[in-house]
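> sequence first, then the predicted structure, then my questions.
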Amino acid sequence: MSLHNSLARLFVCVLIAISIFSYSSIAHSQTVRPPDSAVNQSVEEETTGASNTLGNNSQSDYWRNLRGGVQGTVSIPDKNAGVMVQSEGWEWMLFRNGPLKTYGWYALAAMVGSLVLFFLFRGQIKVESGMSGEKILRFSKMARFGHWLNASAFVVLALTGLNMLYGRDILIPLIGLEGFSTVTVVGKFAHNWGAFAFILGIVWIFLSFVAKNFVSKEDFVWVIKAGGMLKKGVHPPAKFFNFGEKVVFWSAIIGGVGVIVTGLALLFPYQLEFIPGELAVHKMQFASIWHSIIGLGLIVVIIGHIYIGTIGMEGSLSSMTTGYVDRNWAKEHHSLWLEELDKKSKSGDTTTKPAE
């Protein structure tokens with residue numbers, strides 16, 4: 001009996017010992033303390049989320065600086081490679097593929113749609129008194145050459161530029177990846193080299209037409225009467241160029257200078273220091289965005305110009321093909337210019353010349 005009691009007591013003690021050891025092990029595993037060599041965060045670090053693993057500069061600050069486009073140093077000739085991460089590139093991509101493409105498309109569609117509705121409503125603007133058969137020289141050969149040089153270069157630049165912006169969405173489903181690649185590569189070279197013809201054309205038409213494109217008091221009457229385009233029988237007086245033509249001229253010149261400057265910045269990257277931007281790559285992003293915005297604006301304006309100069313108005317196209325216009329066309333659309341020609345003709349003054 002004594003032996004049995006002794007064994008029972010021993011068994012109970014072993015169970016108690018095992019229980020105490022197990023409890024202490026569990027408690028220890030739930031309250032593991034870091035080793036003495038571990039670095040504890042201060043109250044400031046706990047509130048700011050910054051750690052002291054990199055000394056005075058926390059790791060979050062390190063990557064934040066990289067994302068901000070900090071310029072580092074490199075041993076290779078291209079010092080621009082010293083920028084490891086440049087977050088503005090992401091913003092540039094989002095703007096280019098988002099608002100720029102969307103609103104650019106809206107503007108193009110709005111212009112084309114407006115012209116279609118206008119043509120359905122108004123039709124072609126006719127010479128109401130009929131063609132007289134008498135021709136008057138309006139543009140010289142040199143003036144027409146400059147116009148067509150600029151126009152043909154602009155068409156090439158516009159089509160290849162639109163391909164760069166919208167080609168992936170429109171052409172790939174039609175001609176596939178290889179076809180789109182071929183069109184884009186050829187278009188890139190055409191865009192780059194066609195730019196020089198466009199520059200020459202802009203200078204040419206500026207020198208040829210600038211003297212006749214300053215705003216005059218007669219232009220206000222033309223604007224009030226909407227150029228006579230909305231109602232038959234309305235023919236506001238105008239000089240050699242009416243107000244609408246002057247708007248197109250200055251849009252082409254100012255917009256042309258804009259796409260030339262930004263285009264040269266893209267054609268010769270990191271060379272034009274006056275382009276706004278803190279880093280060199282920022283200058284390229286600025287030039288790229290504004291090149292596209294100005295280019296789209298010019299395309300919208302020129303679409304309207306092409307319409308009114310071809311199917312929109314009877315007798316207009318011949319002024320830039322043969323250089324001559326019908327006398328009645330001049331009387332209805334540029335009466336002040338015709339009166340000036342008649343006065344000088346009657347006085348025997350032969351100094352009157354067409355636009356050079």
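Everything's here; your move. Numbering: from 1, shown residues only.

> which strand or helix spans Ala330?
According to DSSP states H and E, Ala330 maps onto helix 327-333.

> what mean pLDDT does the helix or strand Ala252 falls within get?
Per DSSP H and E, Ala252 falls inside helix 243-267. Here helix 243-267 scores 96 as its mean pLDDT.

> list the buried residues of that helix.
In terms of neighbour count (16 or more other C-beta atoms under 10 Å), helix 243-267 has its buried residues at 243-249, 251-253, 255-256, 258-267. No exception for glycine: its C-beta is placed from N, CA and C like everyone else's.

> for the helix holding Ala330, packing partners?
Counting contacts by 3 or more C-beta pairs under 8 Å, 6 or more residues apart in numbering; DSSP states H and E, helix 327-333 packs against strand 135-137, helix 335-346.

> ranking these by burial, who's on top?
Ranked by mean neighbour count, the helices and strands packed on helix 327-333 are led by strand 135-137 with a mean of 17 (mean count of other C-beta atoms under 10 Å).

> residues in contact with that one?
For strand 135-137, contacts defined as C-beta atoms under 8 Å, 6 or more residues apart in numbering pick out Gly323, Tyr324, Val325, Asp326, Arg327, Ala330, Leu338, Leu341, Pro354.

> so where do the strands sit in this protein?
Under the criterion DSSP state E, strands of the chain are mapped to 135-137, 324-326.

> and the lengthiest helix in the chain, how far out from the chain's middle?
Using DSSP state H, we find that the single longest helix of the chain is helix 172-209. Relative to the chain's own centre, helix 172-209 is displaced by 15 Å; criterion: C-alpha atoms, centre = their mean, to the nearest Å.

> next, the angle from it to helix 243-267.
Counting by axes from the mean of the first three to the mean of the last three C-alpha atoms, to 10 degrees, helix 172-209 lies at 120 degrees to helix 243-267.

> which of the helices and strands packed on helix 327-333 sits closest to Tyr103?
Across the helices and strands packed on helix 327-333, Tyr103 has its closest neighbour in helix 335-346 (38.4 Å, C-beta to C-beta).

> any idea how far the closest one is from the middle of the chain?
Offset of helix 335-346 from its chain centre (C-alpha atoms, centre = their mean): 44 Å.

> got a list of what Val257 touches?
Contacts of Val257 by C-beta under 8 Å, 6+ apart are Ile202.

> separation between it and Gly263?
Counting by C-beta to C-beta, to the nearest Å, the separation of Val257 from Gly263 is 10 Å.

> which of the contacts of strand 135-137 lies closest to Val210?
After measuring the contacts of strand 135-137 against Val210 - C-beta to C-beta - the closest member comes out as Pro354, at 15.3 Å.

> give me the contacts around stretch 221-240.
Where contact means C-beta under 8 Å, 6+ apart, the residues beyond stretch 221-240 that reach it are 122, 125, 128, 212, 216, 218-219, 242-244, 332-337, 340, 355.

> just the terminal-to-terminal distance for it.
For stretch 221-240, the first-to-last residue distance is 15 Å (C-alpha to C-alpha, to the nearest Å).

> next: stretch 302-318.
Per C-alpha to C-alpha, stretch 302-318 runs 18 Å from first to last residue.

> who touches stretch 330-340?
Outside stretch 330-340, the residues that touch it by C-beta under 8 Å, 6+ apart are 127-129, 136, 138, 218, 228, 235, 237-242, 313, 327, 352.

> in stretch 84-96, what's buried?
Along stretch 84-96, these residues count as buried under the neighbour rule (16+ other C-beta under 10 Å): Gln86, Glu88, Trp92.

> what's the answer for stretch 163-177, then?
Under the neighbour-count criterion of 16+ other C-beta under 10 Å, stretch 163-177 has Asn163, Leu165, Gly167, Leu171 buried.

> next one: stretch 322-330
Gly323, Tyr324, Val325, Asp326, Arg327, Asn328, Trp329, Ala330.

> what is the nearest of those to Leu115?
Trp329 (20.9 Å).

> the closest one contacts Val127, correct?
Yes. Look at Trp329 against Val127 with C-beta atoms under 8 Å: they come within range, at 5.1 Å.

> for the contacts of strand 135-137, give me JSON lines that also has pLDDT.
As requested, those are exported to JSON lines (pLDDT from 0 to 100):
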{"residue": "Gly323", "pLDDT": "96"}
{"residue": "Tyr324", "pLDDT": "97"}
{"residue": "Val325", "pLDDT": "97"}
{"residue": "Asp326", "pLDDT": "96"}
{"residue": "Arg327", "pLDDT": "96"}
{"residue": "Ala330", "pLDDT": "96"}
{"residue": "Leu338", "pLDDT": "96"}
{"residue": "Leu341", "pLDDT": "93"}
{"residue": "Pro354", "pLDDT": "61"}
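
> just confirm Ser316 contacts Ile308, I think it does.
Yes. If you go by C-beta under 8 Å, Ser316 and Ile308 touch, sitting 6.9 Å apart.

> spatially central residue in the protein, please.
Closest to where the C-alpha atoms of the chain average out (C-alpha atoms, centre = their mean) is Ser292, at 1.8 Å.

> still on that earlier bit, just send the buried residues of stretch 322-330 back as JSON lines, with distance to Ala158 too.
Shown next, in JSON lines, are the buried residues of stretch 322-330 (distance: C-beta to C-beta, whole Å):
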{"residue": "Gly323", "distance to Ala158": "25"}
{"residue": "Tyr324", "distance to Ala158": "28"}
{"residue": "Val325", "distance to Ala158": "27"}
{"residue": "Asp326", "distance to Ala158": "31"}
{"residue": "Arg327", "distance to Ala158": "35"}
{"residue": "Asn328", "distance to Ala158": "34"}
{"residue": "Trp329", "distance to Ala158": "28"}
{"residue": "Ala330", "distance to Ala158": "31"}
